[in-house]
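Asks: Give the three-dimensional model of this entry:
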Amino acid sequence: MTELDRQTIETALDERLEELRRTRAGMQRESEGGLSGEVSHVDNHPGDEATETHERELEVTTELFLEEEERRIGEARRALAEGRYGRCLNCGAEIPRARLAAMPEAVRCLDCQRHFEGLHNQHHSLDPDR
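Replies: Next up is the predicted model:
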């Protein structure tokens, strides 16, 4: 990997991390605006309560996705520092350049990522505490 490639990758990871931070800040401003505008839930119609609950659940889910992406950016940075960026964590195959261009934080080839997500989803669907 050339120094130019390394700089391009680092810049892409930095930009994606900044985008995540802007998204989080926007979500926080929106959430704070909604909370400060509510005086009391006593007079709210049950449909309004359901809508608010749904919106809070969406915010929590979005935050989980953002945290996961931030974690992947950290993994990609470590791989870059250790000279293994662009190689799948699981099978060691080269990750296609098109995938890395679209998702510079990718640390698995598409097949291994699908398998990883499938196992992750299966584990959580079997967890009685979830």
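
Asks: Distance from the strand or helix carrying Glu63 to the middle of the chain?
Replies: Per DSSP states H and E, Glu63 falls inside helix 46-81. How far helix 46-81 lies from its chain's middle: 6 Å, per CA atoms, centre = their mean, to the nearest Å.

Asks: Then stretch 75-85?
Replies: For stretch 75-85, the distance to the chain centre is 18 Å (CA atoms, centre = their mean).

Asks: pLDDT averaged over that stretch, what's the number?
Replies: On average, the pLDDT along stretch 75-85 is 93.

Asks: Also stretch 54-62?
Replies: 86.

Asks: Distance check, Gly115 against Arg97.
Replies: Slight slip there: residue 115 is His, not Gly. His115 is 21 Å from Arg97, where distance means CB to CB, to the nearest Å. Every C-beta, even on glycine, is put in place using the N, C-alpha and C of the backbone.

Asks: Looking at these two now, which is surrounded by more residues?
Replies: Set His115 next to Arg97 and count neighbours by other CB atoms under 10 Å: His115 wins out with 14 against 9.

Asks: Can you tell me the closest non-neighbouring residue to the more buried one?
Replies: Distance criterion CB to CB, 6 or more residues apart in numbering; nearest residue to His115, sequence neighbours excluded, is Asn90 at 7.6 Å.
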